[in-house]
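K.L.:
Build me a model from this:
(2 chains)
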Amino acid sequence: MSESNSTNLLEMLNITKRFPGVLALDNVSLKVKPGSVHALMGENGAGKSTLMKCLFGIYSMDEGKILFEGKEVAFANSKQALENGVSMVHQELNQVRQQNVMDNIWLGRFPKKGIFIDEKKMYEDTLAIFKSLDINIDPRSKVSTLSVSEMQMVEIAKAVSYHSKIIVMDEPTSSLTENEVDHLFKIIRRLQSENVAIIYISHKMEEILKISDEVTIMRDGQYIATQSSKELTTDEIIKLMVGRDLSQRFPAKVNKPGDLILKVTDLTAENQPSFYNVNFELRKGEILGIAGLVGSKRTEVVEALFGMRSLKSGTIELGGKVVKNHSPQRAIKNGFALVTEERRTTGIYPDLSISFNSIIANLAQYRKGVFLSDRKVYDDTKWVIDSMNVRTPTQKTSIGSLSGGNQQKVIIGRWLLTKPDILLLDEPTRGIDVGAKFEIYQLINQLAAEGKGIIMISSEMPELLGVTDRILVMSNGRAAGIVDTQATSQEEIMRLAALY
Amino acid sequence: MNTQASKKSNVSKWLVDNVIYVVLVLLVVGIVIASPDFLSMTNLINILSQSSSRIIIALGVAGILITAGTDLSAGRMVGLAAVISASLLQAGDYAYKMYPNLPELPLFVPILIAMAATGLVATLNGVIVSKFHVPPFIATLGMMIGVYGLTSIYFDRPPYGAQPIGGLSSKFTTFAQRGIPVGQYEIPYLVIYAIIATAIIWVVWNKTQLGKNMYAIGGNPEAAKVSGVNVARNLIFIYMIAGLLYGFSGTLEAGRVGSATNNTGNMYELDAIAACVVGGVSLSGGIGTVPGVVTGVLIFQIINYGLAFLGVSPYIQYIVKGLIIVVAVAFDMRKHAKKK
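P.N.:
Residues are numbered from 1 along each chain as shown, chains lettered A, B, ... in the order given. Here you go, the predicted structure:
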């Protein structure tokens, strides 16, 4: 596994990366041939991004070495990698949206005539690259007016303008339509014919089998296998990606679904592209999972339930009555609660105390005249700490100093104080270590056993299979199917997620 | 995107995108309807000449706003430049000269000294913001207060203490108060200076690397950094250019008024920021054009001059100005709002 082969363009050998408490990469190797499309696969958290971050110098690796064109390299940052012919087209495109296409491509190295920028050369050079890649975009149009697919093409053109020999594409098709994917593939083929290698990160099996020459599969920070795409099938890839025992990671289920509590009919977002025609039901004491790939609009659905997105059509019935959640305030009043995906940006108030963070969604309950009752605030904070098992020295400790798992417990506690009927959890265990995850699962179980309806989005397949009763699978804004957790398999869910 | 909807909204989109120019036209039309005499060469020249030094200041502030910064010290720098240039160019026979033994200098010397002083102060702003990562609001707030102290110390000195620095040399007042005769009118030099400054800044913003980098830094600093832009150095240059513009404007103010005190230029920065914002410069950075900034300044001057011309109470003028600032930005937010 570790011997070097001079025909490879890029070799990442025996890379190991540790974070406090976690072994993120364990002796991982990746070898890419020139002019090939090399797919990098694995579940969320398998270590694909970490490996790429080591390549681009965003993380420094603890062990291992990187050979590029046979020479050992250690890029200090992505700029340096770019200048040496290694570039990345990100999932979140890093562009100056207010400026035009060619300004973005030549930023930091504008062609000049004296002290002035040579706009003509810039325009012609950009056009030449676009022509060579069969891209049809006016170099003078503003980036903010482009579609996602066009922005992506601009990024690829930028990579080409740096004479990249290897381009990493991270989930490049996650927000593209079928036609746009075809166009992207044409561009990739053209790059290949000029001997440019592509590292292609994606979850979509069919796509990978169609476009890639070789596939490297990772799981739990470990290297599993590298095989020629011709010899692989979707089933084999899934088996290699999953292959693990789930038995000890989840608490025994104690909840029993009861009467129907929530009925969602034909839910369609006003501002498309987004979700449309989504139908599902939820029972008291039931945990409904939502699965789907990046861009499948899972988060948008729960945000709509919570009044954060405008609906074009559709109804939400709570306990047999139609409710209209026009705003989060309304939704909270109607008995909905949402634990958001981005805990740091939309969940916690990091510098403020646990007490503040516990009571902030429920302030009206603590009013005594115009003041807030210290007694009630104290009691409820104590309830959150005790019943959620939050490990903290005092109520006044700032939440930012707690671990991710304990922060999440406080947030869940915050929403339970509002006495919701429906608890919406968006990636509730993201960024939380394994032990704390178990506690969160127990908590979710227990809340369901108390009769709450729970909807839980997760990108971690084992988690969905270990915790939920049924799973709604979203694909490209549509509900691809609802499966019974006991009867389904990861394979079936992945197939549904890639349906549309 | 739905093509039907976008066609239907083409007109309203154009209106939203060009709201400031529409406002400008409406203002003029409104004033002309109220009083047709308003349309005269004299009024036009007056408005342009009053706008000139403000346009120069606003262009400096605008560059900083586009980098997602701000500059509260602009007005005080104008004051510093006014006091320095006035003190160095008093007429030889004036009784209360700050430097009694100073021979009459050529015009450009005091102007350059004043610009050097403000250029230095502004460069310091840039260094504090980019190297020490002090938020621009705070950095320039501190500078605004500090520079006032500095100007006052310079101003309030023996032998004559705190009194306006007057008796300016006639070449100085001619430089700022006269113009080029065209028929029965005179195009003020001030207007010509403003046009030259505007043209230079337009070229810098649109045709040079510094200009592109300025937009990139304000629009997406992360992308700029990843593309190898030296953010700190570019920021410092943007602040420095602003300082040079304030300095030049300060000497014009001194020459135009015929004297200077430590309070010359007080609060000019807020007028400039207001004009920029009305002119479509985004406080969150990355957006702004030279014609927009110039139009923003003109709108305020037309309100000042036009409403006074109509005999409207100056207090009402304040209300109108306040409204325009808020309404213009409300429109601007609509333009950039992302729908959920």
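
K.L.:
Can you list the residue ranges for strands in chain B?
P.N.:
Under the criterion DSSP state E, chain B contains strands at B:179-182, B:185-188.

K.L.:
TSV for the ones you listed, including mean pLDDT?
P.N.:
Listed next are those as TSV, based on pLDDT from 0 to 100:
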stretch	mean pLDDT
strand B:179-182	90
strand B:185-188	92
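
K.L.:
Quick one, which of the ones you listed gets closest to B:Gly166.
P.N.:
Across the strands of chain B, B:Gly166 has its closest neighbour in strand B:185-188 (21.0 Å, CB to CB). The way it works is simple: take the backbone N, C-alpha and C, and place the C-beta from them, glycine included.

K.L.:
Could I get the CA-only coordinates of that closest one as CSV?
P.N.:
Output in CSV follows, covering the C-alpha atoms of strand B:185-188 (Å, rounded to 0.1, in the frame of the first residue of the first chain):
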residue,chain,number,x,y,z
TYR,B,185,-21.0,83.0,-16.6
GLU,B,186,-18.0,81.7,-14.8
ILE,B,187,-17.3,77.9,-14.4
PRO,B,188,-15.9,77.7,-10.9
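
K.L.:
Can you name every helix or strand that it contacts?
P.N.:
Under the contact criterion of 3 or more CB pairs under 8 Å, 6 or more residues apart in numbering or on different chains; DSSP states H and E, strand B:185-188 touches helix B:41-66, strand B:179-182.

K.L.:
out of the strands of chain B, deepest packed?
P.N.:
With neighbours taken as mean count of other CB atoms under 10 Å in any protein chain shown, those reach their highest mean count in strand B:185-188, at a mean of 16.

K.L.:
Direction included, what does that one pair against?
P.N.:
Strand B:185-188 pairs in its sheet with strand B:179-182 (antiparallel), by DSSP bridges.

K.L.:
which residues sit against the partner strand?
P.N.:
With contacts defined as CB atoms under 8 Å, 6 or more residues apart in numbering or on different chains, strand B:179-182 is touched by B:186-192.

K.L.:
Give me the nearest residue to the most centrally placed residue in chain A, chain neighbours excluded.
P.N.:
In chain A, the centroid-proximal residue (CA atoms, centre = their mean) is A:Val294; its distance is 5.6 Å. Spatial nearest neighbour of A:Val294, excluding adjacent residues (CB to CB, 6 or more residues apart in numbering or on different chains): A:Ser174 at 4.6 Å.

K.L.:
can you list the domains in chain A?
P.N.:
A:10-242, A:247-497 (automatic domain parsing).

K.L.:
Compile these into CSV and extend it with columns for mean pLDDT and distance to B:Thr140.
P.N.:
Compiled in CSV, those are given as follows (pLDDT from 0 to 100; distance: least, CB to CB, whole Å):
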stretch, mean pLDDT, distance to B:Thr140
domain A:10-242, 88, 23
domain A:247-497, 88, 26
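
K.L.:
quick one on the thing from earlier: check contacts around the residue nearest to the centre of chain A.
P.N.:
A:91, A:171, A:174, A:203, A:459.

K.L.:
and which of the residues you listed is nearest chain B?
P.N.:
A:Gln91 (14.5 Å; CB to the nearest CB).

K.L.:
Let me have the contacts of A:Val294 in a markdown table, adding neighbour count and distance to B:Val78 as columns.
P.N.:
Below are these laid out as a markdown table (neighbours: other CB atoms under 10 Å in any protein chain shown; distance: CB to CB, whole Å):
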| residue | neighbour count | distance to B:Val78 |
| --- | --- | --- |
| A:Gln91 | 16 | 47 |
| A:Glu171 | 19 | 52 |
| A:Ser174 | 16 | 52 |
| A:His203 | 21 | 59 |
| A:Ser459 | 18 | 56 |
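
K.L.:
did I read that right, the residue nearest to the centre of chain A in a strand?
P.N.:
No: applying DSSP: H, G, I helix; E, B strand; the rest coil, one finds A:Val294 to be coil, outside a strand.

K.L.:
gap between it and A:Ser202?
P.N.:
10 Å (CB to CB, to the nearest Å).

K.L.:
before we move on, the earlier item: for B:Gly146, state which of the contacts of strand B:179-182 is nearest.
P.N.:
B:Leu190 (29.2 Å).

K.L.:
Around the closest residue to that closest one other than its chain neighbours, how many other residues sit close by?
P.N.:
Closest residue to B:Leu190 apart from its sequence neighbours, by CB to CB, 6+ apart: B:Ser52 at 3.9 Å. Per other CB atoms under 10 Å in any protein chain shown, the neighbour tally for B:Ser52 reads 25.

K.L.:
How about the contacts made by B:Ser52?
P.N.:
Contact partners of B:Ser52, counting by CB under 8 Å, 6+ apart, are B:188, B:190-191, B:193-194, B:252.

K.L.:
Next, count neighbours for residue 194.
P.N.:
Just going to use chain A. Counted with other CB under 10 Å, A:Glu194 comes out at 11.

K.L.:
Let me rephrase: I mean chain B.
P.N.:
So B:Ala194, with other CB under 10 Å, has 24 neighbours.

K.L.:
got the contact list for it?
P.N.:
Neighbour list for B:Ala194: B:48, B:51-53, B:55-56 [criterion: CB under 8 Å, 6+ apart].

K.L.:
what about the residue lying closest to it once chain neighbours are set aside, distance to B:Leu298?
P.N.:
Closest residue to B:Ala194 apart from its sequence neighbours, by CB to CB, 6+ apart: B:Ser52 at 3.8 Å. Going from B:Ser52 to B:Leu298 by CB to CB gives 11 Å.

K.L.:
next one: B:Phe309
P.N.:
Distance from B:Phe309 to B:Leu298, by CB to CB: 15 Å.

K.L.:
next one: B:Asn262
P.N.:
B:Asn262 is 29 Å from B:Leu298, by CB to CB.

K.L.:
Please apply the same query to B:Ile56.
P.N.:
Taking CB to CB, one finds B:Ile56 at 13 Å from B:Leu298.

K.L.:
ok, the residue of the stretch 51-200 of chain B at minimum distance from chain A - how many residues close by?
P.N.:
The nearest approach of the stretch 51-200 of chain B to chain A comes at B:Ile66, 9.4 Å away (CB to the nearest CB). B:Ile66 has 27 neighbours, counted by other CB under 10 Å.
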